[in-house]
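Student: Sequence plus the predicted model coming up.
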Amino acid sequence: MTWDRFKSLYYTNARLGLSLDISRMPFPEDFLTGMQPKLQQAFADMAALEGGAIANPDEKRMVGHYWLRNAELAPTPELRTAITDTLEAIKVFTAKVHKGEIAAPAGKFKEVLVIGIGGSALGPQLVSHALGRIKGNRDKLRVSFFDNTDPDGMDYVLKELGSRLKQTLVIVISKSGGTAETRNGMLETQAVFKAAGLDHAKQFVAVTGEGSKLDQVAVAEGWLARFPMWDWVGGRTSELCAVGLLPAALQGIKIDQMLAGAAAMDEVTRKKSLRDNPAALLALMWYWATDGKGTKDMVVLPYKDRFLLFSRYLQQLVMESLGKELDLAGNVVNQGIAVYGNKGSTDQHAYVQQLREGVNNFFVTFIEVLKDRVADDSMEVEPGVTSGDFLQGFFLGTRDALSEKNRHSITITVNEVSPRSLGQLIALYERAVGLYASLVGINAYHQPGVEAGKKAAGSVIALKLKIAAALQAAQGREFTAETLAAQLNQPERTELIFKVLEHLAANPGSKVVKTVRKPWSDSTYAAKI
Ligand SMILES: O=P(O)(O)OC[C@H]1O[C@H](O)[C@H](O)[C@@H](O)[C@@H]1O
């Protein structure tokens, strides 16, 4: 790890306020040049994508997230207008909410509840956490989230909102408009509004594809507003369309600066010369570290509390984009790179032990933020030393400790946490993921593997209904999982039936009672009558 190697490989861009250090990835000298042909092809694929090609062939869709921060790039005037009009509509709506010109019947909106999942929650959550109360400013509205169909999770958030529910703006976000978890969160919230005597339509907003199920509900019920989500923006790259911009703007975050940061990064990551393109450098490092096959995991360690959710956000962006069974030619490749991490130095007191001494199946990406806090000065926690000095000390120390043990790392340094720097980081990783996908020949923009679990869940729900009906019809007769499976003529699903029965018996509302017997598999279940 010589200074010379560092000097020769360090990428730094004063205009962006961002640097990238790949010197602790000990790739051989000829690696970068050897990758040039593949990289140039990746650039060509990227240029075609930005030009409006069908870059997502399976779904026959364009991939347009780069247009969101520079509408001029969109391939048709209609798309350009859609982007600029939506941005304007978000700003107008937000300004009116802030002024109280758009308000709940009970008064000014004070809270925002975002209901969404996956790409319709992770970006908004990252941004809300990273940029809330920034520079000491108070948020204009407080934002909370439903990002699951966990009833207790919803109760927790609703309890927090308490009587402020009457001044809560609810944003239901779903690109497809048919995601079950989001629909359930919406229905539960509507029920709570109803119970409180509130008209939900006056406080609900939808962000969804035009004509989707959610859109139809919003239209039929006359919701307060609707914002579009387009088929050419993927869920995991939707932070900079209405999905992410609307909640962020309402919170009081400067969305123009996020967009400007992303646009500036986009410009840089379009450069065809590798040394001037941090996304290309990143993608090549992933390729080298993982043999282009995902053989090592990506540990993302930001040394900044506000970036805590970045690794969670990247988990979807990287793993849903790159985790693919087939390549573009249809060969089975089982690609992907696993991503995990929280933040330093906190993680040093958790799993860094294994990183240093355990199985060497990862590479780390450190994210360093130079500016410690809003105030210029910090108190000294030891003579001449601040808490921020310690944060940097732990980062540099851990990095060295890992290097010593042949654990490789990349470091990204930004000047500060700001809408601009976060916009840049999002754009940097979006581009790196796209380039990497080309390097390994896969479609980064579909997610065929997600459907199997959804379908299976649907069949479990259908089974649950059959089980409940069978118990009811039997009027209190006791069944074991096995006898019920026989009764339903589905012996091959006995395990599933057992799991559903256990869940029913644990929830008194289902009116199923369990009698514990020995062995446990002789326990019985019956409808309570
Ligand atoms: O926005 P939605 O259509 O509700 O989708 C939410 C999420 O669910 C899906 O299962 C996809 O795998 C994700 O890419 C998506 O972000």
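Tutor: Sure, I can see it. Numbering: from 1, shown residues only.

Student: Low-confidence stretches in this protein?
Tutor: Low-confidence segments of the chain (pLDDT under 70): 1.

Student: Which residues are in contact with the residue in the stretch 251-400 of the chain positioned nearest to the ligand?
Tutor: Residue of the stretch 251-400 of the chain nearest the ligand, by CB to the nearest ligand atom: E320 (5.6 Å). Yep, even glycine has a C-beta here, placed from its N, CA and C like the rest. Neighbour list for E320: 118, 236, 447, 450 [criterion: CB atoms under 8 Å, 6 or more residues apart in numbering].

Student: Surely E181 and N148 touch.
Tutor: Yes - in this structure E181 lies within contact range of N148 using CB atoms under 8 Å: 5.8 Å.

Student: residues near the residue lying closest to T182 once chain neighbours are set aside, how many?
Tutor: Leaving aside its chain neighbours, T182 sits nearest to S174 (4.6 Å; criterion: CB to CB, 6 or more residues apart in numbering). Residues lying near S174 (other CB atoms under 10 Å) number 30.

Student: Touching, N443 and G449? I think so.
Tutor: No - counting by CB under 8 Å, N443 does not reach G449; the two are 11.9 Å apart.

Student: what residues are shared contacts of the two?
Tutor: Any residue near both N443 and G449 by CB under 8 Å, 6+ apart counts here, and that gives K324.

Student: shared neighbours, E181 and N148?
Tutor: With CB under 8 Å, 6+ apart, E181 and N148 have common neighbours I117.

Student: Buried residues, stretch 61-79. List them.
Tutor: 61-71, 73-74, 79 (16 or more other CB atoms under 10 Å).

Student: rewinding a little: quick one: the residue of the stretch 251-400 of the chain closest to the ligand from L73, how far?
Tutor: E320 sits 24 Å away from L73, taking CB to CB, to the nearest Å as the criterion.

Student: Let me see the domain layout of the protein.
Tutor: Domain assignment for the chain, taken from the TED database, gives 3-51+263-446, 66-253, 449-527.

Student: would you turn these into TSV with distance to P57?
Tutor: Formatted as TSV, the domains of the chain follow (distance: least, CB to CB, whole Å):
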stretch	distance to P57
domain 3-51+263-446	6
domain 66-253	14
domain 449-527	16
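
Student: Would you agree I117 is in contact with D150?
Tutor: No - I117 is beyond contact range of D150, at 11.0 Å (criterion: CB under 8 Å).

Student: These two - which one has more neighbours?
Tutor: Using other CB under 10 Å as the criterion, I117 and D150 rank with I117 on top: 20 against 13.

Student: L428: neighbouring residues, count only.
Tutor: Using other CB under 10 Å, L428 has 24 neighbouring residues.

Student: Let me see the contact set for it.
Tutor: 18, 265, 269, 278-279, 282, 412.

Student: Show me what from the stretch 301-450 of the chain comes close to the ligand.
Tutor: Taking CB under 6 Å from any ligand atom as the contact definition, the stretch 301-450 of the chain meets the ligand at 320, 447, 450.

Student: List the backbone torsions phi and psi for V63.
Tutor: Dihedral angles of V63 (phi, psi; degrees, to the nearest 10) stand at phi -130, psi 100.

Student: I'd like to know how far the residue nearest to it when sequence neighbours are not counted sits from the ligand.
Tutor: Leaving aside its sequence neighbours, V63 sits nearest to A55 (CB to CB, 6+ apart; 4.2 Å). From A55 across to the ligand, the span is 16 Å (CB to the nearest ligand atom, to the nearest Å).

Student: Quick one: the strands in this structure, in order.
Tutor: 11-13, 18-21, 111-115, 142-146, 168-174, 204-208, 225-228, 297-302, 339-340, 362-369, 409-414, 512-515, 524-527 (DSSP state E).

Student: Against V243, how distant is E320?
Tutor: 15 Å.

Student: ok, now which ones touch the residue most central in space within the chain?
Tutor: By CA atoms, centre = their mean, the mean C-alpha position of the chain lies nearest to L122, the distance being 3.0 Å. Contacts for L122 (CB under 8 Å, 6+ apart) come out as 147, 236, 309, 312-313, 316.

Student: Show only the entries of these found in helices.
Tutor: Among the contacts of L122, the members falling in helices (DSSP state H) are 312-313.

Student: As CSV, the contacts of L122 with neighbour count would be great.
Tutor: Output for these, formatted as CSV (neighbours: other CB atoms under 10 Å):
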residue, neighbour count
D147, 21
R236, 26
L309, 19
R312, 17
Y313, 27
Q316, 19
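
Student: Out of the contacts of L122, which is nearest to L328?
Tutor: Of all these, L328 sits closest to R236, with 19.0 Å by CB to CB.

Student: Which residue is the nearest non-sequential neighbour of that closest one?
Tutor: Nearest to R236 is G119, by CB to CB, 6+ apart, at 4.3 Å.

Student: what's the answer for G17, then?
Tutor: N415 (3.9 Å).

Student: count of residues packed around that neighbour?
Tutor: Neighbour number of N415 under other CB under 10 Å is 15.

Student: repeat for N342
Tutor: Applying other CB under 10 Å, I find that N342 has 19 neighbouring residues.

Student: Let me see the contact set for it.
Tutor: So, once contact is read as CB under 8 Å, 6+ apart, N342 ends up touching 301, 308, 311, 350.

Student: do that again at 6 Å, thanks
Tutor: By CB atoms under 6 Å, 6 or more residues apart in numbering, N342 lies in contact with nothing.

Student: where does it fall, phi/psi-wise?
Tutor: Main-chain dihedrals, N342, degrees, to the nearest 10: phi -130, psi -90.

Student: Could you check how far it is from R306?
Tutor: The gap separating N342 from R306 is 13 Å, by CB to CB.

Student: same deal with I253?
Tutor: 12 Å.

Student: the more surrounded of those two?
Tutor: Each of I253 and R306 has its neighbours counted (other CB under 10 Å); I253 has more, 25 against 19.

Student: isn't that one right up against L131?
Tutor: Yes - shown here, I253 and L131 form a contact pair, counting by CB atoms under 6 Å, at 4.7 Å.

Student: starting at the chain centroid, how far to stretch 105-112?
Tutor: Its chain's C-alpha centre and that of stretch 105-112 lie 27 Å apart, by CA atoms, centre = their mean, to the nearest Å.

Student: Equivalent analysis for stretch 410-427, please.
Tutor: What separates the centre of stretch 410-427 from the centre of its chain is 17 Å, taken as CA atoms, centre = their mean.

Student: May I have the distance across that stretch, first residue to last?
Tutor: For stretch 410-427, the first-to-last residue distance is 17 Å (CA to CA, to the nearest Å).
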